[in-house]
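Undergrad: sequence unavailable; structure follows:
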DNA sequence: ACAGGATCCTGGGGGC
DNA sequence: TGCCCCCAGGATCCTG
């Protein structure tokens, strides 16, 4: 499931493989991808050069030499690959661009939750970002913004961390991991966090993402980087996918629940602050605060 | 404002 | 072996 570390890894892999390369032809267009925009792909992409590859949240941004932008969201199972022609898997390919020196740019997506968008000029792109209303990048969060937004809501922490308008980049895996590192219960309400806990949560998010980027992200099932290499962070996960296994910190079994419609993994002993039914209080160990 | 459910989608795994 | 059902979740929409 591509989250920020996986998307960042793809971008870093693609950059040297793609920058300066020319699109010779469009071999396959993304009709099967439900949310892909409709464009005369051959007309807008043929003979264009890739100027730069970057990322905003989980979106991958290809800037072309005509100020056009090709955006890709990997969704659940998306893979973006640049490989010599004839390499790699051939099923579930939704868009293929032939590049110079017989390389191919390929978007592969088994479950088709991905998204492909093209913007002909910076104005259209800016409009798209406005509509998306994305929050800040995790490593560039203003402390005051963070404190205000988290303290100002009664939503639970799991739902908050998945909300891309609050903060971009977290998905189900790293939301669970960050909450475990911060020792905060996923059901705790934003408004019930102390300033110290709030700051600790932001640091935990940064630390979890930093470590995961270092390990090229987590390959649970389908994810691979831009050159086809798998990630390594799945070996370091503390709670995600470890239901009933002992917590590495305290030895108690990891619990699973469903929050914000997503499976949520946590250690009930290490992660305190589960809210009681009465509003405005939460349990901390055996005490009510 | 918020929670929860449905929707899109396919492959893997469990049960029979 | 084959069949059925459930589960996984990023984003979005709808309802209560």
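TA: Structure's in. What do you need? All of these numbers come straight from a predicted model, not from anything done at the bench.
Undergrad: helices of chain A, start to end?
TA: In chain A, the helices defined using DSSP state H lie at A:4-18, A:41-45, A:122-132, A:143-151, A:157-162, A:172-181, A:195-214.
Undergrad: out of those, nearest to residue A:263?
TA: Nearest to residue A:263 among the helices of chain A is helix A:172-181 (7.0 Å), distances taken as C-beta to C-beta. C-beta coordinates here come from the backbone N, C-alpha and C atoms, glycine included.
Undergrad: so residue A:258 is in contact with residue A:264, correct?
TA: Yes: counting by C-beta atoms under 8 Å, residue A:258 touches residue A:264, with 6.5 Å between them.
Undergrad: of those two, who's got more company?
TA: Ranked by neighbour count (other C-beta atoms under 10 Å), residue A:258 and residue A:264 place residue A:264 first, with 25 against 9.
Undergrad: and the pLDDT at that one?
TA: Reading off the confidence values, residue A:264 has pLDDT 93.
Undergrad: give me every residue that touches it.
TA: Listed by C-beta atoms under 8 Å, 6 or more residues apart in numbering, the contact partners of residue A:264 are A:158, A:172, A:176, A:186, A:256-258.
Undergrad: which of those residues lies closest to DNA strand C?
TA: residue A:172 (3.6 Å; C-beta to the nearest atom of the strand).
Undergrad: the nearest residue to the closest one once chain neighbours are set aside: neighbour count?
TA: Leaving aside its chain neighbours, residue A:172 sits nearest to residue A:262 (5.0 Å; criterion: C-beta to C-beta, 6 or more residues apart in numbering). Neighbours of residue A:262 under the rule other C-beta under 10 Å: 15.
Undergrad: residue A:262 and residue A:214, how far apart?
TA: 25 Å (C-beta to C-beta, to the nearest Å).
Undergrad: same question for residue A:148.
TA: Using C-beta to C-beta, residue A:148 is found at 31 Å from residue A:214.
Undergrad: ok, now residue A:24?
TA: Counting by C-beta to C-beta - residue A:24 and residue A:214 are separated by 36 Å.
Undergrad: more neighbours, those two?
TA: Between residue A:24 and residue A:214, counted using other C-beta under 10 Å, the more crowded position is residue A:24 (17 against 13).
Undergrad: was I right about the more buried one contacting residue A:98?
TA: Yes: when contacts are counted by C-beta under 8 Å, residue A:24 is listed as touching residue A:98 (4.6 Å).
Undergrad: tell me, how many residues neighbour the closest residue to residue A:112 other than its chain neighbours?
TA: Counting by C-beta to C-beta, 6+ apart, residue A:112 lies nearest to residue A:33, which is 5.8 Å off, once chain neighbours are set aside. Other residues near residue A:33 come to 21 when the count uses other C-beta under 10 Å.
Undergrad: same check, this time on residue A:180
TA: Based on other C-beta under 10 Å, the number of other residues close to residue A:180 is 27.
Undergrad: how many other residues sit next to the nearest residue to it once chain neighbours are set aside?
TA: In space, and not counting its chain neighbours, residue A:180 is closest to residue A:239: 4.6 Å by C-beta to C-beta, 6+ apart. For residue A:239, the neighbour count with other C-beta under 10 Å is 26.
Undergrad: what of residue A:37?
TA: 14.
Undergrad: rewinding a little: correct me, but the residue nearest to residue A:112 touches residue A:117?
TA: No: Residue A:33 lies out of contact with residue A:117 (C-beta under 8 Å); the separation is 10.2 Å.
Undergrad: tell me, what's touching the two both at once?
TA: Common neighbours of residue A:33 and residue A:117 (C-beta under 8 Å, 6+ apart) do not exist.
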